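Student: Okay, sequence plus prediction incoming.
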Amino acid sequence: MLIKLTGGTVYDPASGIDGKQQDIYVQDGKIIDKPIGDFLVDKEYDLKGKVVMSGAIDMHTHIGGGKGNIARTLLPEDHRQDPVASNDVCRSGCGHAMPSTFVTGYRYAEMGYTAGFEPALLPINARQAHMEMGDIPILDKGGYVMLGSDDYLLRMLTAKKDQKAINDYVAWTMHSAKAIGVKVVNPGGINAFKFNQRKLDLDEQNSHYGVTPREILRVLATAVKELGIAKPLHVHGCNLGVPGNMDTTLDTIQGIGGLPMHLTHIQFHSYGTEGDFKFSSGAARIAEAVNKNKNITIDVGQILFGQTVTASGDNMRQHANNKFASPNKWVTMDIECDAGCGVVPFKYKDKNFVNALQWAIGLETFLLVKDPWRIFLTTDHPNGAPFTSYPHLIRLLMDRTFRNDVLSTIHPEAQKMTTLASIEREYTLQEIAIMTRAGAAKLIGLQNRGGLSAGNWADITIYTDNVDRQKMFEKPDYVFKDGEVVVIDGKVVHTKWGTTHIVKPDYDKSIEKDLKVYFDKYLTMKIDNFRISDNEFTEDGRGSLTVHDLKAVA
Amino acid sequence: MSALTFTLKTRPDQRVDMSPLVCHSLEKLELTDIAALKLQCGKRKVRVDELFTISGYDNKHIIIKNSFAKLDYIGKDLDGGMIYVEGDAGAYCGMGMKKGAIKVFGNAGIYAGCEMKKGQLEIEGNVGDFLGGALAGNKMGLKGGLILVKGNAGDRVGDHLRRGTILIEGSAGDYCGSRMIAGTIAVMGYTGKFLGHGMRRGTILLWNEPKLSASFNDCGSHTLAFLPMLFNSFSQLHSPFANNENAFNRVQRYAGDMSEIGRGEILVRIVN
């Protein structure tokens, strides 16, 4: 079947096209060049005056893994307030802050998203996370495997194992857990929490292992680079949410010594200690450091006002924040001695000084970082806000008047503490397309995704241009996933199953000998059960794996 | 004035969500509009006049005739006015009521008066579990107002009770007053196991000696001057609670739950 998309205004940063009217041809799920000679178009869409982008990619969204289910169990009211009925195409579901899997897929697709990546794939819980993501329709998905607080790695560091051994362990874990990247959360801090440490600075030693977060970051970033993994180490740094953590973040940037590193939800790591309330914005200095250090990429983790739930592997910081839980209930737990988990419901209020300033800090970061290829649009769903608020966030970035109108309604002291009103920058459509499409695909190392040139998979979103960018991005006219129409006028009309993106770096098989001993002695599952096989994705007939190339290692 | 009356024609097999039929929602509607309202019945939506014959016009007074135990959410979020239920009420009767009164002449199901904010709920028969409690996962049950039950109540009476009063002329089941934050529960009959389990503050007033958990401390016998005032506040009720002969001021006081903050009290009548 040959589909022709005629006359749309195309924004395709991956091939440098910025708002040019051109036709797109789609055949067998992929975008092709205009066929030569005579040809028959089976279906033509007239897109004159419409905006055409590739399907959006959320590179950091908590859509799979145990913490999601804990959040769901903890907040039945979140489901009761937002029931979703089934129809001819979609299954029923519910949920606003942490929607059910099916509703997650539908709502993402209805905003023009065609892929989402789970950033906290705990190795020991990876099977459940993949199964859960396997139930999310339409979207492509993938995960970054979480290392850095697992006892095995910390033991290796204490025993001064060489980098090669650590590379093997990282590659083996990625293989076993089926990941496309590596994440580290509060490096070593989750583990230190279990030895009664309640904070861990960049150069503070784990009281049991004697390892510092700085060392952990260094070895993991090195492993990611040496294994040729495209996705830079995904770092949720130390001291999340602590006033003054800006210095830790700057130190982390310096300390990585030029290795590629992605600092995630950096808004939560950009706080100073100035002013009457000893809480101020560090966005300007963080943005300056990001602008200067080309090895650093970031996503923002913008907060938006309203009820949500924070779900994180960072049990140390989640425990510290439990008194802010709203409604007043929370969970912190250990995950099989391998990682941690903390779920704390949150209500961000515009009349609360701290929340209001967090909101402004996120936006300052967006507007002060110059290179849209190195910054990504996230709310750290659901931690800063549910992903359904992205269109609102896009409007805040693209419309200075609107931004300043909202700014004038927040806590007056917070207004005084931010430079947001004086920042004139407005994002362009091309910059939004970079942040949410081409840049994200490039960062994760997705081949043939995030672009509209021939050879790419036909994940395409078509919007009606509207000065109200929120309305525009809320309701795309059409969304294509792998060449099939899944959304018309902002409603799902057809569902299908996306693929799971992974990489398979090489490792020395002999490491399994020592790992087997470790598994037998300490963990709840046997090493053979730990490894997830390819079949587990494909045997139900709807999942699939897409293995991406590794980068050539110099 | 003749009360707006809904008479059930036949009993549907599936449960019915009655929440649209509350006084404040019907205020500006003509009878024909009311007849055309849709009620959720199982997985179908049905017109009101498919289930009920409608008569009367005073929408400040609603009567539900031939009611039975599958009519759920009667008087949900009621904001003023009276609802009389002739027959049984289903689950969630009077849930979240803000103002007004509901009187059930038969029995009521689970979660009667749950998360009610104000107003009065009176039940002639028995009620199910979680009377005046909180919905699963929620942190606050009844926040104000008064619930009077003439029969017996199920388990978990006043779960997460926050404020307000629950009066039970009969007996209460297990876990009565569990996780109470504050407020008052009075039971004339008997209580089950794990009375006041995890209660923080608040008062449970009893006419008969309960079985107490080890986490309640005996604080001795007291003559409490507030009890006559409390009984006086019940004097307008059509209930033995309004009867002077049932009042008392001499009680044995137990404090607990000591495995929580332990500021709650169980007061048991001392018969002279």
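Tutor: Great, that's in hand.

Student: gap between the helix or strand harbouring residue A:20 and the chain center?
Tutor: Here residue A:20, judged by DSSP states H and E, is contained in strand A:17-27. In terms of CA atoms, centre = their mean, to the nearest Å, the centre of strand A:17-27 is found 28 Å from the chain centre.

Student: Buried residues, the following helix or strand past it. List them.
Tutor: The first helix or strand that comes after strand A:17-27 along the chain, using DSSP H and E, is strand A:30-32. Judged by neighbour count (16 or more other CB atoms under 10 Å in any protein chain shown), strand A:30-32 contains these buried residues: A:31, A:32. Every residue, glycine included, has its C-beta placed from N, CA and C.

Student: Then stretch A:193-206?
Tutor: Neighbour counts over stretch A:193-206 (16+ other CB under 10 Å) mark A:193, A:194, A:197, A:200, A:201, A:202, A:204, A:205, A:206 as buried.

Student: Distance check, the fourth one against residue A:314.
Tutor: Taking CB to CB, to the nearest Å as the measure, residue A:200 falls 11 Å from residue A:314.

Student: Name the residues of chain B found near chain A, please.
Tutor: Residues of chain B lying near chain A by CB under 8 Å from any CB of the partner chain: B:135, B:136, B:137, B:138, B:139.

Student: Excluding sequence neighbours, find me the nearest residue to the third one.
Tutor: To tie it back to what came earlier, the one meant is residue B:137. Leaving aside its sequence neighbours, residue B:137 sits nearest to residue A:76 (CB to CB, 6 or more residues apart in numbering or on different chains; 3.6 Å).

Student: Could you give the number of residues near that neighbour?
Tutor: Residue neighbour count, defined by other CB atoms under 10 Å in any protein chain shown, stands at 15 for residue A:76.

Student: How about residue A:126?
Tutor: Neighbours of residue A:126 (other CB under 10 Å): 24.

Student: Please look at it and residue A:147 and confirm they touch.
Tutor: No. Counting by CB atoms under 8 Å, residue A:126 does not reach residue A:147; the two are 11.8 Å apart.

Student: hmm, back to that, out of the buried residues of stretch A:193-206, the closest to residue A:283 would be?
Tutor: Using CB to CB, residue A:202 comes nearest to residue A:283 of those, at 19.8 Å.

Student: Surely the closest one and residue A:256 touch.
Tutor: No. Using CB under 8 Å as the test, residue A:202 is too far from residue A:256 to be in contact (10.8 Å).

Student: secondary structure class for the residue in the stretch 151-272 of chain B positioned nearest to chain A?
Tutor: Scanning the stretch 151-272 of chain B for the residue nearest chain A gives residue B:181, at 10.9 Å (criterion: CB to the nearest CB). What DSSP: H, G, I helix; E, B strand; the rest coil gives for residue B:181 is coil.

Student: Just confirm it contacts residue B:160, I think it does.
Tutor: Yes. Assessed by CB under 8 Å, residue B:181 is found in contact with residue B:160 at 6.4 Å.

Student: Is residue B:147 inside a helix or a strand, and which specific one?
Tutor: Counting by DSSP H and E, residue B:147 is part of strand B:146-149.
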